[in-house]
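> Predicted coordinates and the sequence they were generated for:
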Amino acid sequence: MNSILESFSLQGRSALVIGGSNGIGRQIALGLQGAGARTAIVGRTQSRVDATLQLLRPADPRALGLCADVADVAQLPQLFEQVRGAIGEIDILVNSQGVTNIKPALDYTPADYAQLTA
């Protein structure tokens, strides 16, 4: 009889976590890797990407961390090619990115709203 964890194994799968360098995204990346997935993360801050890779790489030296702003659509094709080259085709995609812009709602510009909803 299989354990419940074996039933939910992600062994042989590849996961990309956008916003995976911090907070909830980091925990999702660690959980996916713990379930057996080859894992890649994307974050906007290199130091946070590096810190998360230090947590991922002991279990999988092939774990990938990239620094990019996914709101810049022009970066996406190259980003996905880098991920596929490192961990294979993406089976699991998690979008956990977050943008914080703290100010009164009436002070938001159309560009501020576009950034929050991108």
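Structure received.

> drop to CA atoms for contacts and neighbour counts, all remaining ones
Noted.

> Can you tell me the centre-most residue of the protein?
In the chain, the C-alpha closest to the average C-alpha coordinate belongs to residue 17, at a distance of 2.1 Å (C-alpha atoms, centre = their mean).

> tell me the SS of that one?
Look at residue 17: counting by DSSP: H, G, I helix; E, B strand; the rest coil, its state is strand.

> Distance of it relative to residue 39?
To residue 39, residue 17 is 8 Å away according to C-alpha to C-alpha, to the nearest Å.

> shared neighbours of the two, anything?
residue 29 (C-alpha atoms under 8 Å, 6 or more residues apart in numbering).

> thinking again about what came up before, can you pull the contacts of the residue nearest to the centre of the chain?
Counting by C-alpha under 8 Å, 6+ apart, residue 17 touches 25, 28, 29, 39, 40, 41, 42, 93, 94, 95, 96.

> surely the second one meets residue 21?
No - contact between residue 28 and residue 21 fails when scored by C-alpha atoms under 8 Å: they sit 10.0 Å apart.

> Show the residue spans covered by the helices in this structure.
Listed in chain order, the helices of the chain (DSSP state H) span 4-7, 23-34, 46-56, 76-87, 110-117.

> between these, which gets nearest to residue 68?
Each of the helices of the chain was checked against residue 68 via C-alpha to C-alpha, and the shortest separation belongs to helix 76-87, namely 7.9 Å.

> number of nearby residues for residue 14?
23 (other C-alpha atoms under 10 Å).

> Give me the spatial nearest neighbour of it, chain neighbours excluded.
Beyond its immediate neighbours in the sequence, the residue positioned closest to residue 14 (C-alpha to C-alpha, 6 or more residues apart in numbering) is residue 38, lying 4.7 Å away.
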